[in-house]
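Engineer: Structure for the following, please:
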Amino acid sequence: MAKTILIAEDDADIRAVLRLYLESEGFRVVESADGKAALAAALRESPDAAILDVMMPEMNGYELTRALRRTSDIPLLILSAKSADNDKILGLNLGADDYIAKPFNPMEVVARVKAHLRRAGGSRRESLTVGTLTLDTAAMQLYKDGQPVALTPTEYKILAQLMRAPGRIFTKVQLYEGIAGEFFESNDNTMMVHISKLREKIEDDPKNPRYIITIRGLGYKIEA
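Structural biologist: Got it, this is the predicted structure:
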């Protein structure tokens, strides 16, 4: 099956060039012209890698990198006309795997995508463990005491975000942005429902949770 590459770039000509070279190498390409659309596409399409421009409307490449890293470990390559060292360091510190300055050689971009996919192919399976819970992120499967537990995609994304940072408090806004890209006031009760459903599946006593703890006035955390 062809690997899917997400291109987030507001310049249609650049998207067209990258699509041409990537498809000629057998990749499937998904395009977005702004950051928010790219985040929605990533959640919908589950790409194997993403190429992100920095200067985009709605959500810039740095913000998009941060948002993608909340739920995904795919290779992220930033394209930018900004070539200063501090811009590169910022992108890499936010979770990007590579930083390519414009103007660029599209064959080099394709070569770097291939290189990152090769490296990711042997290491993307991640096992997150908290207490008796183990989350296989490659298979998107939760186990409790060695037994599989069925999760919805949204429940999986919430739990993965919590389990990647045991003890860290996440607000409802942070959790919802991690699964949907943006938060509206009307989503507040929706997040409470997702947390309640998760507790029913992973807690021995959902009314007295051991794992997902409510921090009143702040949000939620998962206990190590």
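Engineer: in a strand, that's where Asp10 is, yeah?
Structural biologist: No - with DSSP: H, G, I helix; E, B strand; the rest coil as the criterion, Asp10 is located in coil rather than a strand.
Engineer: could you show me where the strands are in this protein, in order?
Structural biologist: 4-8, 28-32, 49-53, 76-80, 98-101, 127-130, 133-136, 141-144, 147-149, 212-215, 219-222 (DSSP state E).
Engineer: so how far is the fourth one off the chain centroid?
Structural biologist: So that's strand 76-80. 15 Å (C-alpha atoms, centre = their mean, to the nearest Å).
Engineer: Partner strands of that strand and their direction?
Structural biologist: Using DSSP bridges, strand 76-80 pairs in its sheet with strand 49-53 (parallel), strand 98-101 (parallel).
Engineer: and the ones you listed, which one is worst for confidence?
Structural biologist: Among the strands paired with strand 76-80, strand 98-101 has the lowest mean pLDDT, at a mean of 85.
Engineer: which residues sit against that strand?
Structural biologist: 75-83, 87-88, 91-92, 108-109, 112, 116 (C-beta atoms under 8 Å, 6 or more residues apart in numbering). (Glycine included, C-beta is placed from N, CA and C.)
Engineer: In a markdown table: the strands of the chain, plus distance to Met192 and mean neighbour count.
Structural biologist: Listed next are the strands of the chain as a markdown table, based on distance: least, C-beta to C-beta, whole Å; neighbours: other C-beta atoms under 10 Å:
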| stretch | distance to Met192 | mean neighbour count |
| --- | --- | --- |
| strand 4-8 | 31 | 26 |
| strand 28-32 | 31 | 19 |
| strand 49-53 | 31 | 26 |
| strand 76-80 | 31 | 24 |
| strand 98-101 | 39 | 18 |
| strand 127-130 | 21 | 15 |
| strand 133-136 | 21 | 18 |
| strand 141-144 | 20 | 17 |
| strand 147-149 | 20 | 12 |
| strand 212-215 | 9 | 14 |
| strand 219-222 | 10 | 22 |
